[in-house]
Each structure stands twice: as C-alpha cells, then as structure tokens.
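>>> Structure for the following, please:
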Amino acid sequence: MSVERQMWSLFEPLHAVTYFAPQTGPVFEAAGLRGFWRRYFAGRAAPLGPVGAGPVIAAFFGFAPAMVRRAVPDVWSRISPAAALRARAAGSRAALADLLPPEAPVAEAADLLAAAARGADLHGRVLGAANADLPEPPDPLDRLWQAAAVLRESRGDGHVAALLTAGVDGCESLVWRTAIEGGDLRVSMQQARGWTDDEWDAAAERLVRRGWVAADGSATEAGREAYARVETLTDQLAAGPWQRLGADGTRRCAELLEPLAAAARAVLPANNPIPLRGYSRASGTVS
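Numbers count the residues shown, from 1 in each chain. This is a model prediction of the structure:
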C-alpha cells in the first residue's frame, strides 16, 4: 500500500463524520436545512459559494446529474453557503469531540495534518482549493477536520483527473469500481449516487465493449490493470502533502492519526459508498 493511500485511510474517516455522525444532522436542522442529501450537497458545495447544478455535477463527478439538480440550487434558498459552512464545522466538531478519546493528542495531530494540507498542489483542484481558501481555524479539533477536508477533496479532485485520463464518465467509474470490489457494492453505490438501472446497465455495457468488465459484471484482467493505473496516478497526484511533511513527519502523523481514525470509523456504515476500508499496521506501515 502506498504512503498516499495509507494516509488517506487515516484522514478520510475524520472528514467523513460530517456525513455520517449523528451529531451533524441537528446542527443543519437548527440552521433551517432538513434531509441528509440537502445537507450533503449544501455542506460539501458551500466552499464554492451559491453555485448552480453545473459546477457541482462537474466537481462531484460520480453523482447522477438528475440527483444533483434535485438539490442544487434549491438548497441555497434554504441555507446560505456561509451558514452551511458554519453548520458543517459545528457538527463535525461536535462529532469529533464525542468520538475521540479524551487523552488523544489532537493538537499535535492537527498541526501535522494542517502542515501537510498546506503542501497540497491546488492547480486544477477546484474543491480542494475552495476548502484550502477558508481561514484555518485556531481550535485543534476544527483545524484537524478542516485539514482532513482539504486533503480529501484535493485527492478527490486528482482522482477525477485520473479517471478522465482513462476515458470514463461518472457512472462508468462506479460500475468499474464495483466490478473491481465485487460483492453487493452496486446496491449502495447506485442508490447513493442516484443512477437509474438503465443508466447503470448502459455504463456496464460500455465497459464490456472496452474489455474491462466481463458479461457477468466482474472485472477482467485488462480492467484491473487499467484501474491500477488510475489508482497509481491518483496517488502520484496526492504525493505533495507528504513530501512537504517529510518521511519522519508523515510517520509521526500516521502514528497520531491511527487511534483517531479508528474512533471516527465507529460511526461509518459498514457498506459506506466511499467505500472506506480500514487501515492497520499489518497491511503496511508508512515509510
């Protein structure tokens, strides 16, 4: 496992509490926004300002355009981007405060993760740059979450770029990943991203014609090799923060984040659509 992927597996759970932790919903509701998907689109798109559906469709990539248009720009008639930013920060802070062990070295972890986030290359990374443009919070918990947000959105922007170099669209990228992962991932991925059965099946047919997916829905060897190239490119595009932090700083950051990530994972659904896999020292150490 690459350093970049190992570190992603440690900061991603800290960011993901904003979507899955029970503490976040009531904060958005108090601000006037009800419903999981409304707060998802409002909270995630808020750094971009009151944009229409087009930029969100482009930046979120894997979501069906029809699903995005049901939420955006309607959410901005219910909550302002500034209020959504405050709500997501307050909800995430409440979640982390409840989840993380009282003795956890949050301040040191936040300092290292924030230093790594300052090393992210933001060229062509719209969501990463929008989050990096927000003021860095003084509170360690807030700073930890925001640094995780900058890093995960920057990595996500790079992943979209890597997928585009492979010539796949949003739905195809999900069908492809489902073929690689196997199991019942289609159910969670298709529902969470809003694609119809016809759209999903058409994307699968296109991948079959490319030789990347077999007729039974499993990935072919050529498909696995092409996917591995996308993942390698994604890692390469996400290397900047850890190069900036250096080998020793990255190892220390991983050491500090491991128990924090384990605590945050407690609120993540087992079959989450990220899909987030666990990290353990048995699978490889950061070096």
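
>>> quick one, helices of this protein?
3-20, 24-30, 36-45, 53-60, 65-71, 81-99, 106-117, 126-132, 140-165, 170-181, 185-193, 197-210, 221-237, 240-264 (DSSP state H).

>>> List the buried residues for the longest one?
What that stands for is helix 140-165. 140-163 (16 or more other CB atoms under 10 Å). Just so you know, the C-beta spots here come from the backbone N, C-alpha and C atoms, and that holds for glycine as well.

>>> Distance from the chain centre to that helix, please.
7 Å (CA atoms, centre = their mean, to the nearest Å).

>>> how much does it deviate in direction from helix 36-45?
90 degrees (axes from the mean of the first three to the mean of the last three CA atoms, to 10 degrees).

>>> and helix 140-165, what other elements does it pack with?
Applying 3 or more CB pairs under 8 Å, 6 or more residues apart in numbering; DSSP states H and E, one finds that helix 140-165 makes contact with helix 3-20, helix 81-99, helix 106-117, helix 126-132, helix 221-237, helix 240-264.

>>> Ile57: which of those helices is closest?
helix 126-132 (12.2 Å; CB to CB).

>>> least trustworthy helix or strand in this structure by mean pLDDT?
Least confident helix or strand of the chain, by mean pLDDT, DSSP states H and E, is helix 185-193 with a mean of 91.

>>> show me where pLDDT drops low in this structure?
Along the chain, the model assigns pLDDT under 70 to residues 275, 277-287.

>>> run the last query once more with 50
278-287 (pLDDT under 50).

>>> okay, which residue is most central for it?
The centroid of the chain falls nearest to Arg152 when counting by CA atoms, centre = their mean (5.2 Å).

>>> Number of residues surrounding Arg209?
Using other CB atoms under 10 Å, Arg209 has 9 neighbouring residues.

>>> repeat for Ala87
Counted with other CB under 10 Å, Ala87 comes out at 26.

>>> Correct me if wrong: it contacts Glu29.
No - contact criterion CB atoms under 8 Å: Ala87 and Glu29 do not qualify, at 9.0 Å.

>>> Can you check which of the helices of the chain gets nearest to Asn271?
With CB to CB as the criterion, Asn271 lies closest to helix 185-193 of the helices of the chain, at 4.9 Å.

>>> What are the buried residues along the closest one?
Neighbour-count burial for helix 185-193 [16+ other CB under 10 Å]: 185-186, 188-190, 192-193.

>>> Could you dump these into JSON lines and include distance to Arg5?
Below are the buried residues of helix 185-193 laid out as JSON lines (distance: CB to CB, whole Å):
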{"residue": "Leu185", "distance to Arg5": "18"}
{"residue": "Arg186", "distance to Arg5": "23"}
{"residue": "Ser188", "distance to Arg5": "21"}
{"residue": "Met189", "distance to Arg5": "20"}
{"residue": "Gln190", "distance to Arg5": "25"}
{"residue": "Ala192", "distance to Arg5": "22"}
{"residue": "Arg193", "distance to Arg5": "22"}
